[in-house]
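Enquirer: predicted model, plus sequence, below.
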Amino acid sequence: MLPPAPDALTQAYYNRGQRCWSVRVRGLVAAHVPALALSDCTLRASEASRLRCLRKASRDVHAWVAGTPLERPRPRTAVRIGYRLSEAGFRRRDTGAVITHADVVWLEADGSAWALNPL
């Protein structure tokens, strides 16, 4: 269960070292969870940090999903999305289109991410 933070958006990113989703509230890591769902999502990826990671062959957190936590099962109509260091921005896996917003994003235990109405 996530800590309550009604006045702050929750940010989540995949933690490759711990193989789970790290959850930040007000800029601080508040939890590590196997899976979660967020509504009214903004998908953020810093292009400058991505290029620095490529140039220096290093890793840092520069891509995350921000939204409001909710409990809702993933419908079959959800679209798989993802982020790769080799490509700028979050993308739909079916079309390759860059997305920045979604109504709901499901971050699954296997590390996959799914979105409802990605834009």
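Expert: Everything's here; your move.
Enquirer: going by C-alpha atoms from here, please, whenever you check contacts or count neighbours.
Expert: Noted.
Enquirer: which residues of the chain fall in helices?
Expert: For the chain, applying DSSP state H gives helices covering 47-56.
Enquirer: middle-most residue in it, spatially?
Expert: residue 65 (3.4 Å; Cα atoms, centre = their mean).
Enquirer: just checking, that one touches residue 41?
Expert: Yes. Counting by Cα atoms under 8 Å, residue 41 is a contact partner of residue 65 at 6.5 Å.
Enquirer: next, the buried residues of stretch 85-99.
Expert: 85, 89-92, 98-99 (16 or more other Cα atoms under 10 Å).
Enquirer: nearest to residue 76, of the residues you listed?
Expert: Using Cα to Cα, residue 92 is the member of the buried residues of stretch 85-99 that sits closest to residue 76, with 15.3 Å.
Enquirer: touching, the closest one and residue 78? I think so.
Expert: No. Using Cα under 8 Å as the test, residue 92 is too far from residue 78 to be in contact (10.7 Å).
Enquirer: reformat the buried residues of stretch 85-99 as a markdown table; add distance to residue 115 and pLDDT.
Expert: Shown next, in a markdown table, are the buried residues of stretch 85-99 (distance: Cα to Cα, whole Å; pLDDT from 0 to 100):
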| residue | distance to residue 115 | pLDDT |
| --- | --- | --- |
| 85 | 19 | 94 |
| 89 | 15 | 96 |
| 90 | 11 | 97 |
| 91 | 11 | 98 |
| 92 | 9 | 98 |
| 98 | 13 | 97 |
| 99 | 10 | 98 |
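Enquirer: which of those fall within strands?
Expert: Counted as lying in strands by DSSP state E, out of those, are 90-92, 98-99.
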